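>>> How does the following fold in three dimensions:
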Amino acid sequence: MKDKRLNRSLLRLYNSLYRKFGPRHWWPGNTRLEIIIGAILTQNTAWTNVEKAICNLKKERVLNTKALSVIPEKTLAELIRPSGYYNIKAGRIKNFLKFLNTRYKGSLGTMFGTDLYRLREELLSVKGIGRETADSILLYAGNKPIFVVDAYTKRIFSRHGFISKNAEYKEIQSLFMDNLRQDAGLFNEFHALIVELGKSMCGSKKPLCDICPLS
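Purely as a prediction, here's the structure:
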C-alpha cells in the first residue's frame, strides 16, 4: 500500500527535477542489445568511455548477438578497452551471451517476454551482473517497471532525509517502487533526472545546494 505522503513528496521532487532539466531521453542506444552492452560496460567508468567502446564494436560490425557470441574474448576485450577493466567486462559480456543463447536461444524478445522478477533472478545468476546492471537491463532495454538504484540515488535521497546513509539497495529501491505507480516510463525518467542532478550539482564533496532545484 502506497504511503500518500511519500508519494506526494517523491512526485514533487520529480516535477522539480523535470522542470529544471527537461526530458533526459535515457538510455542512449539504437537497439536493446546496445543498451545491454552499455549497461555492462558502464560499470566503474564514465559514459564517455562507454561510447568509445560501443563505437569500436559498431565499426567492426560485431554489435549483434551472433557476432558477439563467436568473437574471441581477447579480441572483444581489445575493442572495449576504452571502457576500462576490459578483460573483466569482456568476460561479463560473454557470460551474458552464453546465458541468452542457452536459456533463450539468442532471442532478446523471448527473454524480455519473461516475468519481470523471474528474469531479474536469472540475470543476477549471470556472473558479473549485479543488481544495478540487471535493473538497468530490465528497465532501459526491456521497458520493465523496476527502479534502478545507483550511488547518485543513495547520495541525494539520504541528504534529503528519505533514507539513511547506510540504506541497502533493496530498501532504496522499495522507497520508489512501493510509493509510485508501477510505470517504466516514470522510473526511466526519474532515474535519469537523478543521475543528471548527481553529475551536475549534487557532488560527493562539494554539492551546489544554493542552485539545486530540490533546495
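>>> Give me the residue at the spatial middle of this structure.
Nearest to the mean C-alpha position of the chain, by Cα atoms, centre = their mean, lies S136 at 2.9 Å.
>>> Make sure that one is actually in contact with V148.
Yes: counting by Cβ atoms under 8 Å, S136 touches V148, with 5.3 Å between them. In short, each C-beta sits where N, CA and C put it, glycine included.
>>> sorry, back to before: quick check: nearest residue in space to the residue nearest to the centre of the chain, chain neighbours excluded?
A39 (4.2 Å; Cβ to Cβ, 6 or more residues apart in numbering).
>>> so the one you found makes contact with Y140?
Yes: using Cβ under 8 Å, A39 is in contact with Y140, at 7.0 Å.
>>> Residues that sit against both of those two, list them.
Between them, A39 and Y140 share these contacting residues under Cβ atoms under 8 Å, 6 or more residues apart in numbering: W27.
>>> Quick check: the gap between the most far-flung residue of the chain relative to its centre and C55.
Note on the chain: the largest C-alpha distance from the chain mean falls to D210, namely 28.6 Å (Cα atoms, centre = their mean). Remark: distance between D210 and C55 (Cβ to Cβ, to the nearest Å) = 38 Å.
>>> what do you get for L97?
20 Å.
>>> Neighbour count for these two, which is higher?
L97 (23 against 13; other Cβ atoms under 10 Å).
>>> any idea how far that one is from L119?
Taken as Cβ to Cβ, the span from L97 to L119 is 16 Å.
>>> for the chain, what are the low-confidence residue spans?
1 (pLDDT under 70).
>>> all helices of it, in order?
4-21, 32-41, 47-59, 65-70, 73-79, 86-104, 108-112, 116-124, 131-136, 151-159, 169-177, 184-200 (DSSP state H).
>>> May I see the buried residues of the first one?
Read it as helix 4-21. 10, 13-14, 16-17, 20-21 (16 or more other Cβ atoms under 10 Å).
>>> With distance to P82 as added columns, please give those in JSON lines.
Formatted as JSON lines, the buried residues of helix 4-21 follow (distance: Cβ to Cβ, whole Å):
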{"residue": "L10", "distance to P82": "36"}
{"residue": "L13", "distance to P82": "34"}
{"residue": "Y14", "distance to P82": "33"}
{"residue": "S16", "distance to P82": "35"}
{"residue": "L17", "distance to P82": "30"}
{"residue": "K20", "distance to P82": "31"}
{"residue": "F21", "distance to P82": "27"}
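>>> Out of the residues you listed, flag the one nearest to T48.
F21 (18.8 Å; Cβ to Cβ).
>>> number of nearby residues for the nearest residue to that closest one once chain neighbours are set aside?
Nearest non-adjacent residue to F21, counting by Cβ to Cβ, 6+ apart: E196, 5.0 Å away. Neighbours of E196 under the rule other Cβ under 10 Å: 18.
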